[in-house]
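**Student:** Next comes the sequence, and after it the predicted model I'd like to discuss.
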There are 2 protein chains.
Amino acid sequence: MSKRKNSADSRNDILDAAQRVVAREGAANLTLDAVAKESGFSKGGLLYNFPSKEALIQGMLQRLIDNVEPQMNEYRDSLAGQPNPTLRAIIECIRCEAVIDRNISMAILAAGAQNPQLLDPLRQRYDQHYKDILQETDDPDLSLLLWAAADGLMFMSLLDMTPFPAEDAERLMQRLRHMASTRHEKSVIIDNIVS
Amino acid sequence: MSKRKNSADSRNDILDAAQRVVAREGAANLTLDAVAKESGFSKGGLLYNFPSKEALIQGMLQRLIDNVEPQMNEYRDSLAGQPNPTLRAIIECIRCEAVIDRNISMAILAAGAQNPQLLDPLRQRYDQHYKDILQETDDPDLSLLLWAAADGLMFMSLLDMTPFPAEDAERLMQRLRHMASTRHEKSVIIDNIVS
DNA sequence: GTTAGTTTACCGACCAGATGGTACAGTAAA
DNA sequence: TTTACTGTACCATCTGGTCGGTAAACTAAC
């Protein structure tokens, strides 16, 4: 009966429990008591590791980010030298739903609605992505639009509002991927192919 | 001291008050008491008009939709005969932020996170947009991607995560608009301009 | 046209449950 | 001795929602 764990393990166990709760019962039922029960910790132990509910949610978001990061880097590194590696890595991550459980993302979104600064870590990521994408592209605006499109598809899926079947979404993602992998000499190219 | 108003007026007054509350104090503070106070109604009167908080939020969403609809139709009608009228109307609505107050949308989003079926009216709209866009386009996938991109930009702005300045966003929207207004003979056109 | 009954629209006190958080005494491993 | 908890009791507050009451407005009978 080893009581002692190191604190990092405990925190991870708690975050796991929180994710299970939210995945099973939805964002509305993410309460300290529920997480305590699910994790096996006492409420005191929970609040010892995360001094507030807000801290817990911050922890969830941070871990989510930390989990996606290596996967993204892997993609990006494998595309080094080719066009738009970061953009394509983002698209790929969204495509294979590295974005984890819908409920978890929704819970974080809901929390963000109540306390906007909770999303700051995400904002930082977006900022970094923005800079990387710009630096790698021949056609900044097109790349940003492709990014926005991928993001839009992700949000639709997140909110369960995608009006088309999964295979269509898949095809769209492939086309995005394809568009991101071609080089363009100038912004204007696309705009010129008018009938 | 006419006590009697017709119910529709009361409901509208209450929805106005709810919007003011949420715009001023954020989604977290959208409580029945706050809305009652802001609207001048008693809590009982409020709950007479909206039998539950959920009903109130549904009302807010519905009115939001009802307000944007005529504006969209106007745009669309003015583009009749030209390519992609619906898509372009959507883009235009997003561009000039017909999407109303950020806080209001966030409140609805937050509510949707807790009770997903609350977003059903929105889903219906998306479904209709989807059908309309498909029917009007020469290049279904491209149109859907442009739609997704516009949506992505909207969500970024909604969550206050747009990493680029407003003028860049404006330029992106213009490009979207432009891309939506050109005819394409085949999907492949775009894909072919590879270096 | 007055009276009586019914409905509509609203008031405001009260309530029950949930929830985040505290306090604190104890305990066991490192 | 410090760290990392357990466990319980407790609490203040908030919040959605109920409920009995009430006055104006509408309806209908006389």
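**Tutor:** Happy to help now that I have it. Residues are numbered from 1 along each chain as shown, chains lettered A, B, ... in the order given.
**Student:** and stretch A:92-99, is it in reach of chain B?
**Tutor:** No. Applying CB under 8 Å from any CB of the partner chain, one finds stretch A:92-99 separated from chain B by no less than 10.5 Å. Backbone N, C-alpha and C define where each C-beta goes, glycine included.
**Student:** Contacts for that stretch next, please.
**Tutor:** The contact list for stretch A:92-99, computed with CB atoms under 8 Å, 6 or more residues apart in numbering or on different chains, reads A:68, A:71-72, A:75, A:105, A:150-151, A:153-154, A:158, A:170, A:173, A:177.
**Student:** let's see it at 6 Å
**Tutor:** Residues outside stretch A:92-99 that contact it (CB atoms under 6 Å, 6 or more residues apart in numbering or on different chains) are A:68, A:71-72, A:75, A:150, A:154, A:173.
**Student:** and the longest helix anywhere in chain A, what does it pack onto?
**Tutor:** With secondary structure taken from DSSP state H, chain A has its longest helix at helix A:53-78. Counting contacts by 3 or more CB pairs under 6 Å, 6 or more residues apart in numbering or on different chains; DSSP states H and E, helix A:53-78 packs against helix A:7-25, helix A:85-95, helix A:120-136.
**Student:** Can you lay out these as TSV showing mean pLDDT?
**Tutor:** Shown next, in TSV, are those (pLDDT from 0 to 100):
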stretch	mean pLDDT
helix A:7-25	90
helix A:85-95	95
helix A:120-136	96
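**Student:** Mind checking those for the one nearest to A:Gly40?
**Tutor:** Nearest of those to A:Gly40, taken as CB to CB: helix A:7-25 at 7.6 Å.
**Student:** top of the contacts of stretch A:92-99 by neighbour count?
**Tutor:** The most crowded member of the contacts of stretch A:92-99, judged by other CB atoms under 10 Å in any protein chain shown, is A:Ala150 (27 neighbours).
**Student:** quick one: which helix or strand includes that residue?
**Tutor:** helix A:140-158 (DSSP states H and E).
**Student:** same thing with A:Thr162?
**Tutor:** Counting by DSSP H and E, A:Thr162 is found in no helix or strand.
**Student:** From what I see, it and A:Met154 are in contact.
**Tutor:** No. If you go by CB atoms under 6 Å, A:Thr162 and A:Met154 don't touch, sitting 9.9 Å apart.
**Student:** before we move on, back to that, want to throw the helices and strands packed on helix A:53-78 into CSV with mean neighbour count?
**Tutor:** Shown next, in CSV, are the helices and strands packed on helix A:53-78 (neighbours: other CB atoms under 10 Å in any protein chain shown):
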stretch, mean neighbour count
helix A:7-25, 17
helix A:85-95, 23
helix A:120-136, 16
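**Student:** quick one: which of the ones you listed is nearest B:Leu144?
**Tutor:** Closest to B:Leu144 of those, according to CB to CB: helix A:85-95, at 15.1 Å.
**Student:** ok, then the element right after the closest one?
**Tutor:** helix A:102-114.
**Student:** quick one, that next one and helix B:140-158 angle?
**Tutor:** With axes from the mean of the first three to the mean of the last three CA atoms, to 10 degrees defining the directions, helix A:102-114 sits at 40 degrees from helix B:140-158.
**Student:** does the longest helix of chain A come close to DNA strand C?
**Tutor:** Yes. Contact of helix A:53-78 with DNA strand C (CB under 7 Å from any atom of the strand) involves A:53-54.
**Student:** got the buried residues for that helix?
**Tutor:** Neighbour counts over helix A:53-78 (16 or more other CB atoms under 10 Å in any protein chain shown) mark A:53, A:56-61, A:63-64, A:68, A:72, A:75-76 as buried.
**Student:** Return the closest of the residues you listed with respect to B:Gly112.
**Tutor:** Among the buried residues of helix A:53-78, A:Ile57 lies closest to B:Gly112 (CB to CB), at 17.6 Å.
**Student:** which ones are touching that closest one?
**Tutor:** Neighbours of A:Ile57 in contact, by CB under 6 Å, 6+ apart: A:Ala111.
**Student:** Quick check, pLDDT for it.
**Tutor:** pLDDT recorded at A:Ile57 is 95.
**Student:** go on, A:Lys5?
**Tutor:** So A:Lys5 comes in at 61 (pLDDT).
**Student:** Also A:Tyr75?
**Tutor:** 94.
**Student:** tell me the contacts of whichever residue of chain A sits closest to chain B?
**Tutor:** Closest contact between chain A and chain B, by CB to the nearest CB, is at A:Gly152 (3.1 Å). By CB under 6 Å, 6+ apart, A:Gly152 lies in contact with B:148-149, B:151-152.
**Student:** switch to 8 Å and redo it
**Tutor:** Per CB under 8 Å, 6+ apart, neighbours of A:Gly152: B:147-155.
**Student:** which of these lies closest to DNA strand D?
**Tutor:** Using CB to the nearest atom of the strand, B:Phe155 is the member of these that sits closest to DNA strand D, with 25.2 Å.
**Student:** distance of the closest residue to that closest one other than its chain neighbours from B:Ser105?
**Tutor:** In space, and not counting its chain neighbours, B:Phe155 is closest to A:Phe155: 4.5 Å by CB to CB, 6 or more residues apart in numbering or on different chains. Taking CB to CB, to the nearest Å as the measure, A:Phe155 falls 12 Å from B:Ser105.
**Student:** so how far is A:Leu87 from A:Gln135?
**Tutor:** 11 Å.
**Student:** Same question for A:Ile14.
**Tutor:** 35 Å.
**Student:** same check, this time on A:Gly45
**Tutor:** 43 Å.
**Student:** Equivalent analysis for A:Ala8, please.
**Tutor:** A:Ala8 is 33 Å from A:Leu87, where distance means CB to CB.
**Student:** now the residue in chain A positioned nearest to DNA strand D: how far from A:Ser10?
**Tutor:** Nearest residue of chain A to DNA strand D, counting by CB to the nearest atom of the strand: A:Gly45, 1.7 Å away. A:Gly45 is 8 Å from A:Ser10, where distance means CB to CB.
**Student:** Run a quick neighbour tally on A:Asp168.
**Tutor:** Residues near A:Asp168, counting by other CB under 10 Å, number 15.
**Student:** Fine by me, thanks again.
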